[in-house]
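> Structure, please.
(chains A and B)
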Amino acid sequence: MFTKKDYREYFEQISVLERGMIYAQYRLKAQTDDTRIISVCDTIIEDEVKHYRYARFILESFFFDDADERRLYQRRFCIGDMTMMAAGRDRPVSARCIDISPAGLGFEGDEPLYPGADITVSMESYNGKVSVKCQARIVWMKPLTLVPPKGEKITVFLGGMQFKTIQDV
Amino acid sequence: MKENNAFVESLKKCLTAEENAIGMVSKFLDDNAFLADLNEGDRKVVLQMLRTIKEDSRRHKAILQEMAGTIQEY
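Reported below is the predicted structural model:
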């Protein structure tokens, strides 16, 4: 029997995989100047964004409790590379932005930062339409491990941050 | 091509990602207990979305494999 928690984890994992494919396609596209390949990448990116929206729709419609996602500002889908520099660290942490609002953003990365950490965040969306550079505080962070049937185990750290000042995004 | 090796490496990552997605989505599609607690209409919607993801991912995998084959010929 599947529990609500099982479903949430399963569709969270599908969301992570779909986002991973969006990043991978953008990186592939950045490594070529062949217009036919770029066009193929753009078509695949459109599909992967659609898949990601499906996974989020399923999660939000059927498996999230209302209280889980209650926010003052509604976040919108926004994918891009970002860096976070935490006080006391000697190097920035790289991550990918998942969604954004004027008050904060959601992200995922390969290494954790801790809730309460003050950081300087810098983010540029892949479509070039959103750019943020500001002070923020990490609000939450949790690991998510995927074990794809044919692949190696992947652990990503999902997190959310609150901007110190409202951003025009 | 800017950097052929880097491109091929990125292409392999894309292929692995598509294979992972196909595997993850296929995992429960034939399990009768999966989504059994949703009503019939909602279950159909979710399964239809998962099948679309699976079909699209298979198509992407074929496209990327063809692209990899073409690159190897250079």
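> near chain B, which residues of chain A?
The interface of chain A toward chain B, taken as C-beta under 8 Å from any C-beta of the partner chain, is made up of A:1-2, A:7, A:10, A:13-14, A:17-18, A:20-21, A:24-25, A:27-28, A:31-34, A:37, A:40, A:44, A:47, A:50-51, A:54-55, A:57-58, A:61-62, A:146, A:148-151. The C-beta positions use only the backbone N, C-alpha and C, and glycine is treated the same way.
> contacting residues for the most centrally placed residue in chain A?
For chain A, A:Ile98 is the residue whose C-alpha lies nearest the centre (C-alpha atoms, centre = their mean; 2.6 Å). Neighbouring residues of A:Ile98 by C-beta atoms under 8 Å, 6 or more residues apart in numbering or on different chains: A:19, A:77-79, A:105-108, A:158.
> now those as a markdown table including neighbour count and pLDDT?
Below are those laid out as a markdown table (neighbours: other C-beta atoms under 10 Å in any protein chain shown; pLDDT from 0 to 100):
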| residue | neighbour count | pLDDT |
| --- | --- | --- |
| A:Arg19 | 21 | 93 |
| A:Phe77 | 15 | 90 |
| A:Cys78 | 20 | 93 |
| A:Ile79 | 21 | 93 |
| A:Leu105 | 27 | 96 |
| A:Gly106 | 19 | 95 |
| A:Phe107 | 25 | 96 |
| A:Glu108 | 19 | 96 |
| A:Leu158 | 19 | 94 |
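> For chain B, state which of the residues you listed is nearest.
Nearest to chain B among those: A:Arg19, at 10.1 Å, using C-beta to the nearest C-beta.
> what about that closest one, helix or strand, and which?
helix A:4-30 (DSSP states H and E).
> before we move on, the earlier item: need the buried ones from the residues of chain A next to chain B selected in ChimeraX.
In ChimeraX syntax, the buried subset of these is picked out as below (16 or more other C-beta atoms under 10 Å in any protein chain shown):
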select /A:7,10,13,14,17,18,20,21,24,25,27,28,31,32,34,37,40,44,47,51,54,55,58,62,146,148,151
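> Pull out the buried positions in the lengthiest helix in chain B.
Counting by DSSP state H, the longest helix found in chain B is helix B:40-73. Of the residues in helix B:40-73, B:45-46, B:49-50, B:53-54, B:56-58, B:60-61, B:63-64, B:67-68, B:71 count as buried by neighbour count, 16+ other C-beta under 10 Å.
> Can you name every helix or strand that it contacts?
Packing partners of helix B:40-73 (3 or more C-beta pairs under 8 Å, 6 or more residues apart in numbering or on different chains; DSSP states H and E): helix A:35-58, helix B:4-26.
> relative to helix B:4-26, how tilted is that helix?
Interaxial angle, helix B:40-73 versus helix B:4-26 (axes from the mean of the first three to the mean of the last three C-alpha atoms, to 10 degrees): 160 degrees.
> and helix B:40-73 with helix A:35-58, angle?
Computed by the same axes, to 10 degrees, the angle between helix B:40-73 and helix A:35-58 is 160 degrees.
> picking up where we left off before, which of the contacts of A:Ile98 fall within strands?
Using DSSP state E, the members of the contacts of A:Ile98 that fall in strands are A:77-79, A:105-108, A:158.
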